[in-house]
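Trainee: show me how the following folds:
(2 chains)
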Amino acid sequence: MLPEIGNFALILAMTIALAQGVVPMIGAARNIPGWIAFARPAAWTQFVLLVISFGILTHAFVSNDFSVAYVANNSNSALPLMYRISAVWGGHEGSLLLWVLLMGGWSATVGLFSKRLPPEMVARVLAVMGLVAVGFTAFVVFTSNPFERYYPAPMDGRDLNPLLQDIGLIMHPPMLYMGYVGFSVAFAFAIAALLGGRLDAAWARWSRPWTIVAWVFLTLGIALGSWWAYYELGWGGWWFWDPVENASFLPWLTGTALMHSLAVSEKRSTFKSWTVLLAIFAFSLCLLGTFLVRSGVLTSVHAFASDPTRGVFVLLLLGIVVGASLAIYAWRAPQVKSAGNFALLSRETFLLGNNVLLVVATATILLGTLYPLILDALELGKISVGPPYFNAVFVPLMIPLIVILGIGPLSRWKQDEFPRLARMLRSAFLVSIVLGVVIPWLLFGKVELMVVIATAISVWLVYAVLLDVAHRCRHKSSFWKGLTSRPRGFYGMSIAHLGVAVTVIGIAFSSYYSLEKDLRMVPGDQLEVGGYLFHFDGVRESHGPNYTATEGVITVTRNGKPVTTLHTQKRTYTVQQMPMTEAGIDAGLFRDLYVAMGEPLGDGGWAIRIYYKPFIRWIWLGGLFMAFGGILAASDRRYRLMAKRTAPSGADARLAAQES
Amino acid sequence: MSHRILLCLSLFLMVGWGSSCLAHIDTFVFDTPQDEQRFRKLSTELRCLVCQNQNLADSNADLAMDLRQEVYEMIKDGKSDADIIDFMVSRYGDFVLYRPPVKPITYLLWAGPLILLVIGAYALFVFVRHRSKEGVLQSGALDAEEQRRLSTLLEEKAVSTTPDPSTPERKK
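Mentor: The predicted model follows:
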C-alpha cells in the first residue's frame, strides 16, 4: 500500500510542478498578482510531496520490502542499515528520484530565500525550475519508476553492488546531484532575467550566491568520487578521464567560468549576455552528462539503439531545454546593452581570458568524450580516447590559466598599467622559477620538466595571493585592521585560488614521484619502497555482515622504528559472489602508503601491490580549499543583507517591475 | 600509474560489471627498471577490450591478463614500444589504443583543441579591442541611474537616509 502512495505522491508532484511552471509564468507576463503569488506555495507543496515519495522508498528499503522491484534488485536483508538507506540511490530509478527530490529542495529554498526579490522575478525563476522538474519527474514516472512491484515478492533481495557499500559512495551522488541541480537555479535566474528584460547588475548579484553554492557541491562531489576511486578500486588511481567522470567535470569547468563571469556582471555590469550564455551552457552540460550516463550510449552506441526509451527521453529533454533557452536568448539578448568599457590591460581582460581558457577546455573535453561515440554512430570505425589524449590537450590549457589566475586579482578594474603590475610581480616571477626547481629537487632528488612547471605556477599563484592580501590590507591604519575589514568574498576567492595551487602540487608530485611495486610475497618477506620497509606478516580469515574476507597484514617500519600496520582485504560478498579488494592505506599529509592484495600464488605466496604516493592527499585537500572558499564567498555579508531584509510591499514591487 | 573512477558513476546505472574488471596484481620480474617502466606505460595506454572502459593494467579479465603476458614477453624479447603497439593494432584495431593514432579520421580530434583555442583567443582579442576603443572608458561601473535602481532593488528604500555599507565597495 505504502509504495502506491509514494508513487501517487510522485505523480502529484509532477502535476504540481507543471502548474508551478505554467501559472506563475503567465502571471508574470500578464501581471496578475494572484498567479504570481502561486509560485512559492507550489514549490513548497511539490517539495513536500517529493519528500513523502522519497521517504516511502527509503522506508521500503529499511523495512526490506522486496515486493518493490527496485528494493529487491538493490538491497538484501543482510545489508547493514546504513547501506540499506544509501541503496535508495544505489540504482538508476532511485538516483533519479534523488535528483528530482534535490531539484524540489532547491526550488523550495529559492522560494524561502527570495523575499527581497521582485515577485515576478521569483515567479519566473520558480516557473523555469518547475518546467525542468516536470521533465525529470515525468522521466522517473514513465521510464524509471522505483515503485514497481514484483509478484510474487522474492524471499530476499539481490543486494547492493559491493562497490557501492562504502561511505564515499553514500556521500558522492547526493553531493554531485546537488551541484548538477543547483546549476538549474543559475539557469532559471538567467532565463527569468532574459524574459523579464532585467539583465542587470541586480540579477547578477541575486544569482551569484546560488551559483557559488551549486559549484561548491559539485566540487565536493567530484572530489569525493575521486577519493573513493582511489581507496576503493584497489589500483590507487584517482582520475581516468572516463566519459562518466567527464560528465561531471564539464559542468564544473563551465560553472567555474560562470562564477567568474558573474563577478564581472555584478561589479562592472558588463559581459552580461555572455554570462547568460554560460548559465545556459552549464546546465545543458549537466543534462548532457545525464544523457551520457543514463542512456547506456557509453556502453555501446548500438546497445543504446536497441533499447532507446530512456536515452531518447533525456535527449528530448536536453533538446527542448537547449533549444528553448537559446531561442529565448536569441530573442532577448540583443536588447541587453553592456555599458562598461575597459582597457586592454585590465581585470576584465584577465577574467575574459579565464573564461576563454575554461570554455576551450570544456569544449576540448567534450570533443574527446563525444568523438568516439560519433565515429561509431556514423560507422566510421571504433577508436578509444583515453587519458593520454586528455592529458596532452588539457594540461597545456591549464598552465596559462593558472598564470593569469595569479595576475587577475592583483590587477585593477577598467584599466591598469603594465609597469605597476610588472613591479608587483617581478619578485613572484623570480621566486617561482627558483622554487620550481629547488622544491622538487630538495624533496625528491630528481627534477622533471612538468614538475618544475607545475611547482613554479603553484608558487607563483600562492605568492600572488599572499601579495594580494598584503596589498589590500596595507592601506588601512593597521595591518590587522585591514585584514579583518576585507569582506568574506575576498577571502573566499583567495582560499579557493590557494586550493588550485594545492591540487596542482598534489597532482604533479603524486604523478611523477609515486613508487609502485607489484610482487609475489610469502609471509616473512619484506621490501623497501620509498624508505619504508614493508614486512608481510601473513594472512588471516575475517568476516563481515555480508561478506567473508581474507586479510593480509603488513607491518611498516622506517629506520627500524614502527610506522603502522596495514590491513588489506580480499572480500567476497555472499549474495553477488563478487570479489572486492580493500586497500590498506596509511594516509599522511606528505605521503600515503598503500597496499593491496591480489590472488594467492601457491606455496603460501600472495600477489601484493605496494605504493608510495607522495602528496596525493593534496589533490583532494585542494578541492576542500576550493569548496571552503566558495562557502565563504557565498556567505558574504552583502548576500546575507539581501536575504535578511523583509519583503517589499506590493506597491514597491510593482514600482520595481515597472522600472525594469 | 593507473587511474580510474569510471565505475564510480557508471555503476549506478549500468549492469554487467562482473568480477572480471577488478584490480589484478601481477608479479612479473623485469631485467631493468626501464623495462618495468615501459611495461607500466604500455599497459595503461592499451585498452582492455572486454571491459567497459579500462586499461590493461587495471583489468582482471582473462583477455587482459593474456595481453599483459604478451606485452611482458615482447618486452623481454627486446621488442620496441612501436613494435608492441603495431602488433596490438594489427590484431585488435585502433580501438585498443587509448592514445588515438593521428590519421585522417582523427585529424579533427587532435587539431580540435588548437582550433578552439585560436577561435577563443581571436574572439577575446576582437572583443577587448572593440571595448577598449569604444567611448574612451568614460562610463565606469554602473551609471547613476543603474546605481539607483540597484540600490532600490537590493537594499531598503531608506538608502538615501542610511547608505548601505556594502554599496561603496562596489565602486572601486
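Trainee: tell me how far the spatially most central residue of chain A lies from A:Val504.
Mentor: Residue closest to the average C-alpha location in chain A (CA atoms, centre = their mean): A:Leu218, at 2.2 Å. From A:Leu218 over to A:Val504 the distance is 19 Å, taken as CB to CB, to the nearest Å. Any C-beta I mention is one placed from the backbone N, CA and C, and that applies to glycine too.
Trainee: circling back to that earlier point, wait, the residue nearest to the centre of chain A sits on A:Thr254?
Mentor: No. The criterion here is CB atoms under 8 Å, and A:Leu218 misses it with A:Thr254 at 10.4 Å.
Trainee: okay, now the domains of chain B?
Mentor: Domain assignment for chain B by automatic domain parsing gives B:19-96, B:102-138, B:141-172.
Trainee: show me where chain B has helices.
Mentor: Using DSSP state H, the helices of chain B run over residues B:7-13, B:33-45, B:62-76, B:81-92, B:107-133, B:144-154, B:167-170.
Trainee: and these: which comes nearest A:Tyr329?
Mentor: helix B:107-133 (17.1 Å; CB to CB).
Trainee: and that closest one, what's buried?
Mentor: Residues B:Leu109, B:Trp110, B:Gly112, B:Pro113, B:Leu116, B:Leu117, B:Gly120, B:Leu124, B:Phe127, B:Val128, B:Arg131, B:Ser132 are the ones in helix B:107-133 that count as buried (16 or more other CB atoms under 10 Å in any protein chain shown).
Trainee: could you give the number of residues near the closest residue to A:Gly408 other than its chain neighbours?
Mentor: Nearest residue to A:Gly408, sequence neighbours excluded (CB to CB, 6 or more residues apart in numbering or on different chains): A:Phe350, at 3.9 Å. Number of residues near A:Phe350 (other CB atoms under 10 Å in any protein chain shown) recorded here: 20.
Trainee: was I right about A:Phe350 contacting A:Arg412?
Mentor: No. Applying CB under 8 Å as the test, A:Phe350 and A:Arg412 come out as separate, 10.4 Å apart.
Trainee: quick one: A:Gly90 and A:Leu163 touch, right?
Mentor: No. A:Gly90 lies out of contact with A:Leu163 (CB under 8 Å); the separation is 9.8 Å.
Trainee: shared neighbours, the two?
Mentor: Contact criterion CB atoms under 8 Å, 6 or more residues apart in numbering or on different chains; residues shared by A:Gly90 and A:Leu163: A:Leu169.
Trainee: which one's more surrounded, the two?
Mentor: The neighbour comparison of A:Gly90 against A:Leu163 (other CB under 10 Å) goes to A:Gly90, with 27 against 20.
Trainee: the more buried one and chain B, how far apart?
Mentor: Going from A:Gly90 to chain B by CB to the nearest CB, to the nearest Å gives 7 Å.
Trainee: nearest residue to A:Leu326 other than its sequence neighbours?
Mentor: A:Ile280 is the one closest to A:Leu326 (CB to CB, 6+ apart), at 6.9 Å.
Trainee: CA atoms only: put stretch A:414-421 into CSV for me.
Mentor: These are the backbone C-alpha positions of stretch A:414-421, laid out as CSV (Å, rounded to 0.1, in the frame of the first residue of the first chain):
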residue,chain,number,x,y,z
LYS,A,414,38.8,49.0,-16.1
GLN,A,415,42.5,50.0,-16.7
ASP,A,416,45.8,49.0,-15.3
GLU,A,417,49.4,49.9,-16.1
PHE,A,418,51.9,47.3,-17.2
PRO,A,419,54.8,48.8,-15.1
ARG,A,420,52.7,48.7,-12.0
LEU,A,421,51.8,45.0,-12.4
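Trainee: report the buried residues of that stretch.
Mentor: Under 16+ other CB under 10 Å, the buried positions of stretch A:414-421 are A:Lys414, A:Gln415, A:Asp416.
Trainee: show me the shaky parts of chain B.
Mentor: Scanning chain B for pLDDT under 70 picks out B:1-24, B:134-172.
Trainee: how far does the host helix or strand of A:Phe281 sit from the chain's center?
Mentor: A:Phe281 is part of helix A:272-295 when elements are defined by DSSP states H and E. Counting by CA atoms, centre = their mean, to the nearest Å, helix A:272-295 is centred 13 Å from the centre of its parent chain.
Trainee: now it: average pLDDT?
Mentor: Summarised as a single mean, pLDDT over helix A:272-295 is 90.
Trainee: do stretch A:360-372 as well
Mentor: Stretch A:360-372 comes out at a mean pLDDT of 95.
Trainee: distance check, A:Asn73 against A:Arg40.
Mentor: Following CB to CB, the distance that separates A:Asn73 from A:Arg40 is 38 Å.
Trainee: mind giving me the domain ranges of chain A?
Mentor: Following the assignment in automatic domain parsing, chain A carries domains at A:1-165, A:210-416, A:417-513+A:619-626, A:515-615.
Trainee: now the end-to-end length of the last one.
Mentor: Start to finish, the residues bounding domain A:515-615 are 12 Å apart (CA to CA, to the nearest Å).
Trainee: do the first one as well
Mentor: Its first and final residues considered, domain A:1-165 spans 29 Å by CA to CA.
Trainee: before we move on, back to that, so which of the domains of chain B is nearest chain A?
Mentor: Of all the domains of chain B, it is domain B:19-96 that lies closest to chain A, at 3.1 Å by CB to the nearest CB.
Trainee: still on that earlier bit, got the angle between the helix or strand containing the residue nearest to the centre of chain A and helix A:272-295?
Mentor: Using DSSP H and E, the element containing A:Leu218 is helix A:201-232. Interaxial angle, helix A:201-232 versus helix A:272-295 (axes from the mean of the first three to the mean of the last three CA atoms, to 10 degrees): 30 degrees.
Trainee: correct me if wrong: A:Ala13 contacts A:Ser53.
Mentor: Yes. A:Ala13 is within contact range of A:Ser53, at 6.6 Å (criterion: CB under 8 Å).
Trainee: can you say which of the domains of chain B is packed in most?
Mentor: Across the domains of chain B, averaging neighbours per residue (mean count of other CB atoms under 10 Å in any protein chain shown) puts domain B:19-96 on top, at a mean of 18.
Trainee: right, I'll leave it there.
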